[in-house]
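1. could you work out the structure for the sequence below:
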Amino acid sequence: MPSHLGKRISPPVVILLFLSSVLSASKDGTRFFGKPLSLKKALNLQEALDHPAKYRDQKVLLEGNIRDVCQMKGCWLMLSDGRRNIRIKFAGYSFFVPKDSRGKKVRAEGRLIQETLSEEMARHYAAEESGRQDFSTIKGPQQVVSFEAIGVAISN
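-> Down below sits the predicted model:
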């Protein structure tokens, strides 16, 4: 079982975490979560996924549309450029995004991570959090490139 499942957080702490995770909203309705974005120019998602080692230990900005969001807590999202996708997790589990953010535009600042997901975690992401039922393609450890965001901006 993934380590964050089964942990209980008291309601006042949950409310405080949610309120502290939303930095502000701009006049155009963009909502900010985590730390303020400092980068202006986004890295092309295809370049990031094709050459993740090139950007190791560098802070980068990715942008695209939200294809999926964790429906348990809003603790991850899938960013898509229309062709490719990347899972975005939030640094230190320090903020969450609204679970109804699917289809909205997103800018995320952070770092690329090359990692191995256990079969259990890959199935957890697929089934428990995004509702996927077909596990036929998930066999054994999965090599993935993901993204750890320190800040996210979501607009309509």
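
2. tell me the centre residue of this structure?
-> Nearest residue to the geometric centre of the chain (Cα atoms, centre = their mean): Ile88, 2.3 Å.

3. what's near enough to touch that one?
-> Taking Cβ atoms under 8 Å, 6 or more residues apart in numbering as the criterion, Ile88 is in contact with 62, 76-79, 106, 108, 110, 146-149, 152. Backbone N, C-alpha and C define where each C-beta goes, glycine included.

4. in which helix or strand would I find it?
-> Using DSSP states H and E, Ile88 sits in strand 85-90.

5. closest one of the contacts of Ile88 to Glu119?
-> Ser146 (16.2 Å; Cβ to Cβ).

6. give the buried residues for the strand or helix carrying the closest one.
-> Taking DSSP H and E as the definition, Ser146 sits inside strand 142-155. Neighbour counts over strand 142-155 (16 or more other Cβ atoms under 10 Å) mark 142, 144-154 as buried.

7. got TSV for those residues, with pLDDT and distance to Val69 too?
-> Formatted as TSV, these follow (pLDDT from 0 to 100; distance: Cβ to Cβ, whole Å):
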residue	pLDDT	distance to Val69
Gln142	89	20
Val144	89	18
Val145	94	19
Ser146	94	15
Phe147	97	14
Glu148	98	16
Ala149	98	13
Ile150	98	18
Gly151	98	17
Val152	98	11
Ala153	98	15
Ile154	98	10
